[in-house]
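give me coordinates for this.
(chains A and B)
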Amino acid sequence: MKRITRQLAFYLCLVAIWQVISDLHIWPPYLFPSPGSVLEALQTGFADRSFLIGIGISLKRIAVGYGLSVLLGIGLGFLIAASEFLEATLGGLVLSLQSLPSLCWLPLAVLWFGLSEKAIIFVVVMGSLLSVTINTQAGVRHVPKIYLMAGRNLGARGLLLFLYVLLPASQPHLVSGLKQGWAFAWRSLISGEMIFVSLGLGHLLMMGRDLNDMSQVVAVMAIIMAIGHIVDRLLFERLENRIRHKWGLVGAA
Amino acid sequence: MSEIPAGPGWSQNKLRLQNVSRTFQTPRGPLTALEDISLEIQEGEFLCVVGPSGCGKSTLLNLIAGLDRPTSGDIWKDSAPVDGPGTDRIVIFQELGLFPWLTVLENVEFGLRMQGVSKAQRREQSRRYLRMVHLSSFESSYVHQLSGGMKQRVALARSLVTEPDVLLMDEPFAALDAQTRDLLHEEMERIWAETRKTIVFVTHNVREAVRLGGRVIVLSFRPGRIKSQFTITLPRPRHLEDPELALTAREVLAQLKEEINKAVEEEFRHEENH
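Numbering: from 1, shown residues only, chains lettered A, B, ... in the order given. As a prediction, the model looks like this:
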């Protein structure tokens, strides 16, 4: 409760400072929108449903793209960790690809898939797949040998050893990979939508720019931040806390 | 060689090791952990193995468990050669290896789950063993919430639940304080009396070995060979104040000391070389 009050106070202060600056009229309103005009832009955006549609489209894309990244990334991570050969070859490639901003894939994606949903989902997958892969691989590598020995000793073999020992034992790293992957996926999607221009939140933001409507730009930015934050808090933070609590990785709380 | 000699004495052997050696390849060259170990362990025997650190005690257990293979020699359990791990021979590791993502009960159930035992049945069976180690009220705790002694008892229950006939214990009580260890010794002895398992118990603690073992084997330092054996027939529970036991302990300790000195000398030599 105390935490929430503090956070609320902080954000109110921030908005107040913003209001004061915009009241000083240092910059014209079309360059520096006031909190009121942004609120208004949010209201109209939701009232004419353009924001709702944008959110819906972006969420659908992220669900497909991120879902694919998670499935492929975890699979690839385990595969690479399982073989020294793959670790030396594919593992190195994954690391260097990870340094590539996902937007670099957009020209190729458009060439391969045309101006379609597939192209933008491809960019999202390329943005988040690798961090899921790398974290999965790290997770497997950090599993203490003793768990595997204990598992084998108690009769777990092959698939059973994988499902009941290796997979749960790499959970802590796996979750950070999923979290990082989500952040990358969301960023890739929005930046892809901004350039690719086909509805979605990124498109709405660019529309605001084209109409010289900075209130809409800031309003869409606020929505993007809010969604990113909510997913992080509601999903990943909870998941992480649960695992940390269960494993005793935090002091008794 | 594969012919099993028939005879009254032989049929009672639970485990038989014949000329077992294990050599590891290390960056400094081959290291022989165990050399030419021949050993017969009877059904229901409580065998303690002592030796200095690095004499291959843990290797011996891993070989019997089938988690590792001998470089040469054969290991037999009952009349079948040991070929890979099996739930008839369970190791309790020094680090225990309890799973932090499972509750106490789920940890105990693990072996049965791997065997495909139905949920109701494995619950019932696991609870029985949790009762045996007096941990019934902790069944839904997670491992990190338990004390060192309690973790040991969970590991014990987890190992007993698949009803192995051989328990292989690798310095299980080394990290515990003296009082907890004493309690666990009593518990161990009671469980052994109740279940009549064959136990191979590795330790570097001579007092522990003579307190628990029906037979104590001293391993030599690199390569690990059987240096000497002591049979202890004193009634249980034994007390370390008992003069006869104290005498045996002193003899075992004298043997062990020779090997520890060798280990220390070896270490000094290493330091000089660096």
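
now residue A:163: how far from residue A:157?
Separation of residue A:163 from residue A:157 (C-beta to C-beta, to the nearest Å): 11 Å. Bear in mind the C-beta positions are built from the backbone N, C-alpha and C, glycine included.

measure whatever residue of the stretch 101-250 of chain B ends up closest to chain A to residue B:252 for me?
Distance from chain A to each residue of the stretch 101-250 of chain B (C-beta to the nearest C-beta) is smallest for residue B:144, at 2.4 Å. Applying C-beta to C-beta, the value for residue B:144 to residue B:252 is 36 Å.

higher neighbour count, the two?
residue B:252 (24 against 15; other C-beta atoms under 10 Å in any protein chain shown).

host element of the more buried one?
helix B:243-273 (DSSP states H and E).

mean confidence for that helix?
Throughout helix B:243-273, pLDDT has a mean value of 85.

shaky segments in the stretch 51-200 of chain A?
Applying pLDDT under 70 to the stretch 51-200 of chain A flags the ranges A:197.

so which residues on it come close to chain B?
Within the stretch 51-200 of chain A, the positions adjacent to chain B are A:144, A:146-147, A:149-156, A:160, A:164-165, A:168-169, A:171 by C-beta under 8 Å from any C-beta of the partner chain.

of the residues you listed, which belong to helices?
A:146-147, A:149-153, A:160, A:168-169, A:171 (DSSP state H).

report the two of those separated the most.
A:153 and A:171 (21.1 Å; C-beta to C-beta).

more crowded one of these two?
Neighbours were counted for residue A:153 and for residue A:171 using other C-beta under 10 Å; residue A:153 has more, 28 against 19.

does the more buried one touch residue B:84 like I think?
No - look at residue A:153 against residue B:84 with C-beta atoms under 8 Å: they stay out of range, at 10.8 Å.

please identify every residue contacting each of the two.
Residues touching both residue A:153 and residue B:84 (C-beta atoms under 8 Å, 6 or more residues apart in numbering or on different chains): none.

can you classify the most centrally placed residue in chain B by secondary structure?
For chain B, the residue nearest the mean C-alpha position is residue B:169 (2.4 Å; C-alpha atoms, centre = their mean). Assigned with DSSP: H, G, I helix; E, B strand; the rest coil, residue B:169 falls in the strand class.

wait, it sits on residue B:199?
Yes - Residue B:169 lies in contact with residue B:199 (C-beta under 8 Å); the separation is 6.6 Å.

pull out the buried positions in stretch B:71-83.
With burial defined by 16 or more other C-beta atoms under 10 Å in any protein chain shown, the residues of stretch B:71-83 counted as buried are B:71, B:73, B:75-77, B:82.

send me that stretch as CSV with only the CA atoms.
Output in CSV follows, covering the C-alpha atoms of stretch B:71-83 (Å, rounded to 0.1, in the frame of the first residue of the first chain):
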residue,chain,number,x,y,z
THR,B,71,38.3,-48.9,-16.4
SER,B,72,38.8,-52.5,-15.7
GLY,B,73,37.3,-55.2,-13.5
ASP,B,74,33.7,-56.3,-12.8
ILE,B,75,31.0,-55.4,-10.4
TRP,B,76,28.2,-57.8,-9.6
LYS,B,77,25.0,-57.3,-7.8
ASP,B,78,23.2,-60.5,-6.7
SER,B,79,24.2,-62.6,-9.7
ALA,B,80,23.9,-59.9,-12.4
PRO,B,81,26.7,-57.6,-13.6
VAL,B,82,26.1,-53.9,-12.8
ASP,B,83,25.5,-52.1,-16.1
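
what's that stretch in contact with?
By C-beta under 8 Å, 6+ apart, stretch B:71-83 touches B:1, B:4, B:13-23, B:36-37, B:63-64, B:66, B:88-89, B:166.

7 Å instead?
When contacts are defined by C-beta atoms under 7 Å, 6 or more residues apart in numbering or on different chains, stretch B:71-83 is touched by residues B:4, B:14-23, B:63-64, B:66, B:88-89, B:166.
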